[in-house]
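Chemist: here's my sequence, what's the structure:
(chains A, B and C)
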Amino acid sequence: MPELPEVEYARSLIQKKALGRRIADVDDADTWVCRPHAPGEIAAALTGATLVEAHRQGKAMWLEADGGPPLGVHLGMAGRIVVDEVRSTRGWDRFSLRFEDGGSMALRDKRRLGRVVLDPDLSRLGPDAAKVTRQEFRERVGRGRVALKARIMDQSAIAGVGNLLADEALWRARLSPMREAGSMTEAELDDLRRALRTATRRATVRGGVHTGALIPHRQTGGRCPRCGAALERDTVGGRTTWWCPVDQAQV
DNA sequence: ACCTATGTTGATAC
DNA sequence: GGTATCAACATAGG
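Modeler: Modelled structure (predicted):
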């Protein structure tokens, strides 16, 4: 689930329900999710503090605390944020805060690929895919010999695009995922940026990348919802990729 | 039972 | 430096 729209949902949930509540206790015992911190380190830094702001850039979140360092939270491949829910009986709450009022916030993540870290390093993160300017997008995406899809999923180029959103946006822009990034014209780059913004905004409003127009058809026997051609499947940039060989013909 | 697949990212090798 | 591959985790499905 977690691509930009899901992370934005998590961020707004935290903003609505967790800000302003004083932290009474922290469970940071999962040394894999909280690496490189030792157990108790995050607890020592945040106990007694209050979350005052929830930020996001791409898929990275960080929570500002008064009386403590910022707390970086990444949902990984299967993580989500829950606030004031009963503790997972399956042990999937990998990190949690208990508030003074008795409530809680947790990173619930069965895959355990999420991360929680103090003072997160965001220096290698590109501009947010929903906010990147036209000029920045042209410069950062339209270069190199790598496949276009790999480029837009490169978080240091632009931040927030995952496997599903990439397929959806490329389909909307009618561009081949295998196209060499550096071969793109400015007009094509501008189209792609617009498709990406549209797909991202729609998914955010409608509740996740799964609500995309192409996504439900990414399966054996799936057909292009626009022209009806059989979708093709292959690995591009190391990820399973579905596209319409007619609408998104390689140039 | 065994194999493959899965929304992410980071370390490593060329 | 840019790019490709594999591994980290845990589960679901054929």
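Chemist: near DNA strand C, which residues of chain A?
Modeler: A:32, A:77, A:90, A:92, A:110-113, A:144-147, A:150, A:181, A:237-238 (Cβ under 7 Å from any atom of the strand). All C-beta spots, glycine's among them, are computed from the backbone N, C-alpha and C.
Chemist: neighbours around the residue in the stretch 101-250 of chain A that DNA strand C sits nearest to, how many?
Modeler: Across the stretch 101-250 of chain A, the shortest distance to DNA strand C (Cβ to the nearest atom of the strand) belongs to A:G144, at 2.6 Å. A:G144 has 15 neighbouring residues, counting by other Cβ atoms under 10 Å.
Chemist: check A:R21 too.
Modeler: Look at A:R21: counted by other Cβ under 10 Å, it has 20 neighbours.
Chemist: pretty sure it contacts A:D101?
Modeler: Yes - if you go by Cβ atoms under 8 Å, A:R21 and A:D101 touch, sitting 6.1 Å apart.
Chemist: which outside residues touch the helix or strand harbouring A:T235?
Modeler: Element membership for A:T235 (DSSP states H and E) is strand A:232-236. Strand A:232-236 has contacts (Cβ atoms under 8 Å, 6 or more residues apart in numbering) with A:147, A:149-150, A:177-178, A:218, A:220, A:240-245.
Chemist: now those in JSON lines, please, with extra columns for pLDDT.
Modeler: As requested, the contacts of strand A:232-236 are exported to JSON lines (pLDDT from 0 to 100):
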{"residue": "A:A147", "pLDDT": "95"}
{"residue": "A:K149", "pLDDT": "96"}
{"residue": "A:A150", "pLDDT": "96"}
{"residue": "A:P177", "pLDDT": "96"}
{"residue": "A:M178", "pLDDT": "95"}
{"residue": "A:R218", "pLDDT": "93"}
{"residue": "A:T220", "pLDDT": "89"}
{"residue": "A:T240", "pLDDT": "93"}
{"residue": "A:T241", "pLDDT": "95"}
{"residue": "A:W242", "pLDDT": "95"}
{"residue": "A:W243", "pLDDT": "96"}
{"residue": "A:C244", "pLDDT": "96"}
{"residue": "A:P245", "pLDDT": "95"}
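Chemist: so A:V52, which state does it fall into?
Modeler: Here A:V52 is strand, with the state taken from DSSP: H, G, I helix; E, B strand; the rest coil.
Chemist: residues in contact with it?
Modeler: A:V52 sits in contact with A:L19, A:G20, A:E64, A:A65, A:D66, where contact means Cβ under 8 Å, 6+ apart.
Chemist: if I look at it, what pLDDT would I see?
Modeler: At A:V52, the predicted lDDT confidence score is 98.
Chemist: thinking again about what came up before, between A:R21 and A:D101, what contacts are shared?
Modeler: Counting by Cβ under 8 Å, 6+ apart, nothing touches both A:R21 and A:D101.
Chemist: can you give me the neighbour number for the residue nearest to A:P36 when sequence neighbours are not counted?
Modeler: Take A:P36 and drop its neighbours on the chain: the residue closest to it by Cβ to Cβ, 6 or more residues apart in numbering is A:V117, 7.9 Å away. For A:V117, the neighbour count with other Cβ under 10 Å is 20.
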